[in-house]
Each structure stands twice: as C-alpha cells, then as structure tokens.
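1. below are the sequence and a predicted model for it; my questions follow.
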Amino acid sequence: MTPAHGKKHEAGSHKLWGGRFSGGPHPALDAVNRSIAVDFRLWPHDVRLSKAWAAALAHAGVLTARERAQIAKGLDAVAARIADGEKPVATDEDVHTMIDRLLHEEAGAGASRLHTGRSRNDQVATATRLWTMETCDALDVLIVSLQRVMVAQAARLERSVMPAYTHLQRAQPVSGAHWMLSHFWPLQRDRERLAAARAHTASLPLGSGAIAGSAFPIARARLAKSLGFSTISQNSIDAVGDRDFIAEVLFTLALVGAHLSRLAEDLILFGSSEFAFVRYGDGFSTGSSMMPQKRNPDALELARGSSARMLGDLVALLATIKGLPSGYNKDLQEDKRTLFDAVDGMTLLLPAVAGSLEALTFDADRMKAAVTSTMMATDLADYLVRKRVTFREAHGAVGRLVREAEEKHCELGALPFASFRAAHAEFGTDVMLELSPLTSLGHREIEGGTGPNAVKRQLAAARAALRANI
C-alpha cells in the first residue's frame, strides 16, 4: 500500500521520545529494550484503542471532526497494511511505535495530535487488557469443548464399574461416569476463575497518562463503554502499574494446567498394560523409533509436562512485580512474555487433550474385573453399623476378616461364612450380597455420591453447567 502523505520515514527517524537526548541509544540498549517481537500481536487492539482515543479527544474539543476523521481513516489504512503483511522495521521499538510510524505515513503531520494526553504507559496497559479479555473468552470456549467430551464419555460409562484409588491403591468401587466427572468439576471451577479474571481485567486504564492522569477533559466512562470495558480505573498511579489481571489469568491457567496434568496422569496409568482400562486412538498416539509394538500417549504426556511451564510463568510474573515501586517501571515489559507463553501453551494443550480423550475407548470388562470383593470391606463395616454395631467395633471385625483373607491368599468373597460369623455375631447369611460392587454403588445415593441415581443427577448438573453463562 502506498502511503498517502509523502515518503516513508527513514530508518531511525521515528521515535515516540528523544527530544531531550543529544544522540540515539546504544545498540545494546536498543537490543534489550526492543519488545516488538513479543508485543506485535497487540496491534489490532492498539489500533482499536487509538481510534477510540481520537474520538474521545474530539469529544473533549482537542481534535476537530476533520482531524478525528483523518486519524481514523489513517488507522484503518494502518490496520489494512499490517493485516496484509507489513513488517516492523529495525527502529520500531514496540508495536505502538510501529503503528505511530505507519499512521504518520498514512495521515501526515496530523497524526502527531493522536498522542495528546496519553502515554505508552496507559496505552500498553489498555491494549494488553483488551487482548486478555478477548483471550479469556477464547480459552473458555476451549475448556467447554473439553468438558463436552468429558460429559459424552461419562454418559457412555454410566453403567460401568471401576476401582477408585486412594494412595494409588484400590479403594472402593465407583461408576466410570463418577470418575470421569471428577475431572469435569475442577475445569468448571477454572471457568469461574477465568470469568472472574476477565471481569477484573475489564477496567479501563486509558486516560491515566504516564502516572498522574490526562490533562484533558476525557469522558473516560464513555471511552470505557466504547471499548467494551465495564468500569474505569480509580487511581492513575495504580492503573499504569497494575498487572494483577495478568497474575489472575496466569494463576487460573496454572490451575488448568494442573487439572489437565492430573487427568493425563490417570489416563496414562489406565492405558498401561498393567491397567489396560483404556486404549488410545491412533490419531492421538505415536510410535517408537525402535519398538514396533509401542503406542505412546504423547499428547497426554505433554499436557502433564506443560503444567510446569504454566506454573513457571505465574511465578516469573509474581517475582517481577513483588518488588516494584509504584507507577510504571520497564520491568513490566516482561509481563507479556509470561502471559503470551501461558496462553499459547494452553491454546495448544486443550484441543490436544480433548482430542485424546474423545479418541480413546474404555474397556468396561477390564475395569469391572479390577473390582475385587476385598474393596467392599467398608461395605461390610457399614452392614454391621446398620445392625447397631459401633463403627469402631465393625472396623475391627472386618479388619480381622481382611487379615484372614491375606493369610489364605484369597479374596473376602472366597472366605466361608463361618469366618464371617466368627468375626462378628451380627453377620448374617445375607452379608455376601454386600460383596457385590453394584450393591456398594446402590448404598451411595447421597448427593455427590457414586450411586446410579446420584450419578444421573450429577450428569444432568454437568450438562446444565455447560448451558449456563458464567
């Protein structure tokens, strides 16, 4: 696209600052100070907020209607050039400098009026918040997509029985759906945290200037509404230095990463030959360069490993901001590295985990076979409690039965009834029914339990949660 006003600026001739300096910065400073490789993705938001700022300046009487229109037209042209592939030049310190340079090429000297009453401090904070608000919405969509896969798998597992584990030891039987939904609800809490982080992000800093606020009568509430913010910042010093919203998003993504890692760990274990509860789909498995028989759950392993990066990004930001004096400091330029890294990683992970989960199949027979009668030891104690035996006494009686079964190298169900009667006089012949996993599930119809009807209610609640707005 040909500039509308004269030739392009020569390399090194366009900066947003420098009047009080006799010379240019040292190349080593330029190299470390230049952030455009990181913040270039903010360009659509910088163009948008700049158009809104021009409108606010016009409303305040700082710009004429013609000047505002000229700047708006120029910004549209800048956006088109960048969308068409315009690249930064060596002297573009950041994306804001690049857009200002291109705007001068398109709109001429009148572009110099746009920066009236604003600073890069409130400008970059606003662009970052706009990007983050949009990103929170996109991440929510990805989390919901994974949750939908979970609900679909849970529906298929509703009649399946499997062991639940504590300390990675077989504990009690549960329905497969109950296990699957145990991974659904943490993600639902993550969605709530993400929504809260987005709400905190939607506070407009533009108008705060460098630190003391703009000297022009900008209608900030009107400006906020035009950009989709729900409120305005109350203190200009706080506004330009506040990165709490990034910390909140990073904390949420660190938790999402932890929750994906725990799901991945379950599925990796369940897919091993020792468990064999699941079989991975071909599209989300890889092979070995040496061993032809291997089927590796790489996407799940990467989900497990990547959670460490999410945590690292959060810690890096918190370590950056914890010792800063008030107001804006250049350290905050690093905020976007951590934010973009975590978001980029999670944007790749969520579809990969959703695809892996959707493509795998559960072996219901193998899962059921792993449920042994000894896992109903608690049910035997509950049986005695229902006959008015104290739980402590019942626990001891069943413990003796378990010890006998271990000594005889058999399951509880293989012991003769005489052993049960010897353990406690209240055991009747109907006690053997308590060794059925379906009987065990049937006792647990409490809200949030693994009983068949409780699981149906839980599935309905999960579907309702996906339909509701957060």
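-> Yes, it's here.
2. going forward, measure contacts between C-alpha atoms and count neighbours the same way
-> Fine.
3. I'd say H424 and A397 touch.
-> Yes: in this structure, H424 is within contact of A397 by CA atoms under 8 Å, at 6.2 Å.
4. mind listing residues that contact the one helix or strand A164 maps to?
-> Assigned by DSSP states H and E, A164 falls within strand 161-166. By CA atoms under 8 Å, 6 or more residues apart in numbering, the list of residues contacting strand 161-166 from outside reads 170-176, 179, 364, 367-368, 370-371, 437-438.
5. what's the nearest residue to L146 if we skip its chain neighbours?
-> Spatial nearest neighbour of L146, chain neighbours left out: A354 (4.7 Å); criterion: CA to CA, 6 or more residues apart in numbering.
6. contacts only, for that neighbour.
-> Applying CA under 8 Å, 6+ apart, the residues near A354 are S145, L146, V149.
7. quick one: secondary structure of the first one?
-> Spelled out, that is S145. At S145, secondary structure determined by DSSP: H, G, I helix; E, B strand; the rest coil is helix.
8. measure it to T347 for me?
-> S145 sits 12 Å away from T347, going by CA to CA, to the nearest Å.
9. report the contact partners of G271.
-> With contacts defined as CA under 8 Å, 6+ apart, G271 is in contact with F277, V278, R279, Y280.
10. alpha carbons of the strand holding A164, in CSV - could you do that?
-> Coordinates of each C-alpha in strand 161-166 appear next as CSV, following Å, rounded to 0.1, in the frame of the first residue of the first chain:
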residue,chain,number,x,y,z
VAL,A,161,-17.9,-50.1,37.4
MET,A,162,-14.3,-49.4,38.1
PRO,A,163,-12.0,-49.2,41.1
ALA,A,164,-11.4,-45.8,42.7
TYR,A,165,-8.0,-45.2,44.2
THR,A,166,-6.5,-43.6,47.3
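11. parallel or antiparallel, which strands does that strand pair with?
-> Strand 161-166 has the following sheet partners, assigned by DSSP bridges: strand 169-175 (antiparallel).
12. so what touches the partner strand?
-> With contacts defined as CA under 8 Å, 6+ apart, strand 169-175 is touched by 157-165, 371, 375-376, 437, 440-441, 450-452.
13. 10 Å instead, please
-> Here strand 169-175 makes contact (CA atoms under 10 Å, 6 or more residues apart in numbering) with 154, 157-166, 367-368, 370-379, 436-438, 440-441, 444, 449-452, 455.
14. now it, how far from the centre of its chain.
-> In this view, strand 169-175 has its centroid 29 Å away from the chain centroid, taken as CA atoms, centre = their mean, to the nearest Å.
15. ok, then the element right after it?
-> helix 176-201.
16. residue ranges with poor pLDDT in the stretch 1-150 of the chain?
-> 1-27, 29-34 (pLDDT under 70).
17. circling back to that earlier point, residues shared between the contacts of S145 and T347?
-> With contacts taken as CA under 10 Å, 6+ apart, S145 and T347 have L139 as neighbours in common.
18. quick check: I211 is in a strand.
-> No: I211 is assigned coil when assessed by three-state DSSP, not a strand.
19. count residues in the vicinity of the nearest residue to it once chain neighbours are set aside, would you?
-> Among residues not flanking I211 along the chain, I237 sits closest, at 4.9 Å (CA to CA, 6+ apart). Neighbour count of I237, defined by other CA atoms under 10 Å: 19.
20. buried set for whatever helix or strand A72 lives in?
-> Assigned by DSSP H and E, A72 belongs to helix 65-83. Residues of helix 65-83 classed as buried by neighbour count (16 or more other CA atoms under 10 Å): 67-79, 82.
21. cool, and stretch 425-444?
-> In stretch 425-444, counting by 16+ other CA under 10 Å, buried: E426, F427, V431, E434, L435, S436, P437, L438, S440, L441, G442, R444.
22. check contacts around the first one.
-> This points to E426. Contacts of E426 were listed using CA under 10 Å, 6+ apart, and they are Y383, L384, V385, K387, R388, V389, A394, F420.
23. give me the residue at the spatial middle of the protein.
-> Nearest to the mean C-alpha position of the chain, by CA atoms, centre = their mean, lies L253 at 3.6 Å.
24. quick one: residues contacting that residue.
-> 139, 190, 193-194, 247, 259, 307, 310-311, 313-314, 339, 342-343, 345-346.
25. which two of the contacts of strand 161-166 have the greatest separation?
-> Spanning the widest gap among the contacts of strand 161-166 are A171 and A364, at 18.0 Å by CA to CA.
26. circling back: pLDDT of the helix or strand containing the residue nearest to I211, averaged?
-> Taking DSSP H and E as the definition, one finds I237 inside helix 236-241. Mean pLDDT, computed over helix 236-241, is 96.
27. quick check: what element follows that helix along the chain?
-> Immediately after helix 236-241, counting by DSSP H and E, sits helix 244-270.
28. quick one: that next one to helix 176-201, angle?
-> Here helix 244-270 runs at an angle of 170 degrees relative to helix 176-201 (axes from the mean of the first three to the mean of the last three CA atoms, to 10 degrees).
29. average pLDDT across helix 244-270?
-> Helix 244-270 shows a mean pLDDT of 98.
30. buried ones in stretch 231-240?
-> Taking 16+ other CA under 10 Å as the criterion, stretch 231-240 shows T231, I232, S233, S236, I237, D238, A239, V240 as buried.
31. now the first one: phi and psi?
-> When read as degrees, to the nearest 10, the backbone of T231 gives phi -150, psi 180.
32. for the nearest residue to it once chain neighbours are set aside, give me its contacts.
-> Nearest residue to T231, sequence neighbours excluded (CA to CA, 6+ apart): S203, at 4.8 Å. Counting by CA under 10 Å, 6+ apart, S203 makes contact with 126, 129-130, 224, 228-234, 239, 245.
33. against T429, how distant is the residue lying farthest from the centre of the chain?
-> Distance from the C-alpha centroid of the chain peaks at A418, with 56.0 Å (CA atoms, centre = their mean). Relative to T429, A418 is positioned 10 Å away (CA to CA).
34. so how far is stretch 274-285 from its chain's centroid?
-> How far stretch 274-285 lies from its chain's middle: 25 Å, per CA atoms, centre = their mean.
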